[in-house]
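Trainee: fold the following, please.
(chains A and B)
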Number of protein chains: 2
Amino acid sequence: MRNICMLVSYDGTGYYGYQSQPGGNTVQDHLEEAIKALTGEKLKIHGSGRTDAGVHALGQVVHFHTESKIPAERWALALNTRLPDDIVVRAAVEVPLEFHSRRSAIRKTYKYAITSCRFPDVFDRKYVFHHPAPLRFSAMQEGLAYLLGEHDFSSFTSPLSTKPHHVRTLYEAKLLVEPGGDGEIEQGRAKASLIVSGNGFLYNMVRIIAGTLLQVGVGKRKPEDMGIILAAKDRSKAGPTAVPHGLTLMSVEYGPEWGIDWREAINRRH
Amino acid sequence: MRNICMLVSYDGTGYYGYQSQPGGNTVQDHLEEAIKALTGEKLKIHGSGRTDAGVHALGQVVHFHTESKIPAERWALALNTRLPDDIVVRAAVEVPLEFHSRRSAIRKTYKYAITSCRFPDVFDRKYVFHHPAPLRFSAMQEGLAYLLGEHDFSSFTSPLSTKPHHVRTLYEAKLLVEPGGDGEIEQGRAKASLIVSGNGFLYNMVRIIAGTLLQVGVGKRKPEDMGIILAAKDRSKAGPTAVPHGLTLMSVEYGPEWGIDWREAINRRH
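Mentor: Predicted structure coming up:
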C-alpha cells in the first residue's frame, strides 16, 4: 500500500464543488473516476478541504492509498489524459502512509478577487467578482488588519457549522490592488485581490470576510467595524456571503517532516 | 447622422470569428443585435479587421453610423446589458463621420500566448496555446528580429489572400517570457507571449509567424531561417498556422487627428 499526494488545479465553474455528493459532478468524483480508469481501483481520495460549488483551486492538495506500482512522477500525465480540461493534476509525490492532506495541513491560503472597474474583464470574468462601483481600498486594508491573529471567527461562518470550536489563526490578511485596465486606482476602480492565509478556515469564512469587507469598501461600514463584528461572535453581525466564483484556494502547506517539494516534483524529468 | 466608435473585448472561444457570415454567431452579429435591441436600428458595424474563429480581442475597435441621440458615454453600459458576458463594450466615443475603424487604423498589436510548462494553467487554458515541451526562448527572440521593418510577408499569409500586395511593416516583434507556475525558464518551461505590432497584418499572418517560430523554439529551424523564409515569399517555406485560441488582438491605434482617448472615455463619469 502506498500513499500518493497530488497538487491539483481546477476551474470550479462547472462543478458542484470539490467533495463528492449524491448528485455527482464534483472534482473528487472526476479524480476518482480518472484513477479508476488508470489503475482499475475504486478508491476514495481525500482533499485538504472541500471547496464550494463554483469555487476554484490553483493548489488543492489530495491524497489516496493505492496498490498501484505506477511511479509517483507518472501519475500527473496519466491522470490528465483522463480528466476534463478544467481539472489539472500538476504533480504527484509519494508520502508516508500517515500523511493526511487535511489533518497534516498547517497553513492554507485563499484569494478572493474583485474588480471595481466599470465592466468585467472578459478574460477572467469567471474568476473575479465584478463590483461595478468604486471601492475605498485603503479602508478595506485597514479593516482587514482587525482579523489578523488568533480569534473566534463565529461571526464569519455559517451558523450551520458543525466544528467543535471556531478559533482560527490568520497569519496574513491583505488586499493587493492593481490597475484593472479600465480603471484608475485613485478613483476606486481597480482589480483587488484579498489574500488570506491561516491555520484553518471555517465554512464560508473567506466569502463572509469578503462580503463584509466589500461593505467597508463602499462606506457602508467603517474599518473598525471588522473588529466589532469579530468580537460579537454572531454571524448576523457580519455582511453577506460573497459569490463563490471570486474565490480560489491558492495553496496548502505542510511541515518539512513530510518532505513535500512541489517545485522539485513538477520539474522532475518524466 | 453620427459616427460612434467603440472599444470592444471578447472571448472568441464560442464564436465563428468577428465578422458576420451566413451561419451567424459572430461577434459582429451579436453587436448588431444588441444595437437593434437598444435603438431599433438595423445597422451594419465595421471592425478594424476580422479575427478568425476562436481568436480573442482585448481591444478590437468598431464603428457605425447611427441616427440615435444616445450620448456616447451611455452606449457601453446600455449595450453590455444586451450582450452575452463574453463580449464587453469597454467604451464608446463619437468621432468625425469620415473616421473608419479599418481604413483609419495606423497600428495594430497582437499577442500570441504559448505555455511550454508540462501542464496547462486551467485559468487561462482558453487563451494560451499549450506546447508541452521545452522551448529555446533566446533562439525564438533572435529569429523574430528578422521580421522587423518593411517586408513582403507573402511567406506568412494564406495563398488565398486577395490583398493587392503583401508588403507590411512590423514596428515591434518580441517575446516576453515569464515563469509559468509549473516551469523554470532556464529549462525552457515558461509562459511566452509573442507580441507583434505593425501597420497591418495579412490573413493568418500572426498565426503563421507563431507556428514557424515554434519550430525555431524546438530546434527544428535556426533563428536565421526566419529571414530566409521571409525572402522566399512562398507560404510553403514557412511553418504551420498555429491554433487560433492563443491569439488575441490587443489594440488598434489611430492618429491624433481623430481625438480618440480611450482612457478618458473609460473613466468619464456616466
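Trainee: how many neighbours does residue A:22 have?
Mentor: 5 (other Cβ atoms under 10 Å in any protein chain shown). Heads up, the C-betas are built off the backbone N, CA and C, glycines and all.
Trainee: SS state for it?
Mentor: Under DSSP: H, G, I helix; E, B strand; the rest coil, residue A:22 falls in the coil class.
Trainee: that one and residue A:29: what is the separation?
Mentor: Computed as Cβ to Cβ, to the nearest Å, the residue A:22 to residue A:29 distance reads 11 Å.
Trainee: next one: residue A:207
Mentor: From residue A:207 to residue A:29 the distance is 23 Å (Cβ to Cβ).
Trainee: in a strand, residue A:221, correct?
Mentor: No: applying three-state DSSP, one finds residue A:221 to be coil, outside a strand.
Trainee: do I have it right that it meets residue A:239?
Mentor: Yes: with contact defined as Cβ atoms under 8 Å, residue A:221 and residue A:239 form a contacting pair (7.5 Å).
Trainee: before we move on, back to that, neighbour count winner among residue A:207 and residue A:29?
Mentor: residue A:207 (24 against 18).
Trainee: run a quick neighbour tally on residue A:240.
Mentor: Neighbours of residue A:240 using other Cβ under 10 Å come to 12.
Trainee: quick one on the thing from earlier: which residues are in contact with each of residue A:221 and residue A:239?
Mentor: Shared contacts of residue A:221 and residue A:239 (Cβ atoms under 8 Å, 6 or more residues apart in numbering or on different chains): A:212, A:215.
Trainee: so which bits of chain A are right by chain B?
Mentor: Within chain A, the residues that sit near chain B (Cβ under 8 Å from any Cβ of the partner chain) are A:9-11, A:56, A:58, A:76-77, A:80, A:85-91, A:118-125, A:127, A:181-184, A:187, A:189, A:266-267.
Trainee: just those residues: which are in helices?
Mentor: Counting by DSSP state H, these place A:76, A:77, A:80, A:266, A:267 in helices.
Trainee: and the residues you listed, which are buried?
Mentor: Buried members of those, scored by 16 or more other Cβ atoms under 10 Å in any protein chain shown, are A:76, A:80, A:266, A:267.
Trainee: which non-adjacent residue is nearest the first one?
Mentor: Using Cβ to Cβ, 6 or more residues apart in numbering or on different chains and skipping residues adjacent in sequence, the residue nearest residue A:76 is residue A:89, 4.4 Å away.
Trainee: report the buried residues of stretch A:142-153.
Mentor: Buried residues in stretch A:142-153 (16+ other Cβ under 10 Å): A:142, A:143, A:144, A:146, A:147, A:151, A:153.
Trainee: kindly report the same for stretch A:27-46.
Mentor: A:27, A:28, A:29, A:30, A:31, A:32, A:34, A:35, A:38, A:39, A:45, A:46.
Trainee: who's in contact with that stretch?
Mentor: So stretch A:27-46 is in contact with A:8, A:10, A:12, A:15, A:17-20, A:47, A:51, A:57, A:60, A:62-68, A:70, A:78-79, A:82-84, A:87, A:89, A:100-102, going by Cβ under 8 Å, 6+ apart.
Trainee: of the residues you listed, keep whichever come out buried.
Mentor: Of the contacts of stretch A:27-46, these count as buried by 16+ other Cβ under 10 Å: A:8, A:10, A:12, A:15, A:17-18, A:20, A:47, A:51, A:57, A:60, A:62-64, A:66, A:68, A:78-79, A:83, A:87, A:89, A:101.
Trainee: which non-adjacent residue is nearest residue A:251?
Mentor: That would be residue A:59: by Cβ to Cβ, 6+ apart, it lies 4.1 Å from residue A:251.
Trainee: need the pLDDT of the one you found.
Mentor: Confidence at residue A:59, expressed as pLDDT, is 97.
Trainee: next, count neighbours for it.
Mentor: Neighbour number of residue A:59 under other Cβ under 10 Å is 20.
Trainee: also residue A:268?
Mentor: Residue A:268 has 13 nearby residues by other Cβ under 10 Å.
Trainee: distance of the spatially closest residue to it that is not a sequence neighbour from chain B?
Mentor: Once flanking residues are discounted, residue A:268 sits nearest to residue A:73: 5.2 Å by Cβ to Cβ, 6+ apart. Counting by Cβ to the nearest Cβ, to the nearest Å, the separation of residue A:73 from chain B is 11 Å.
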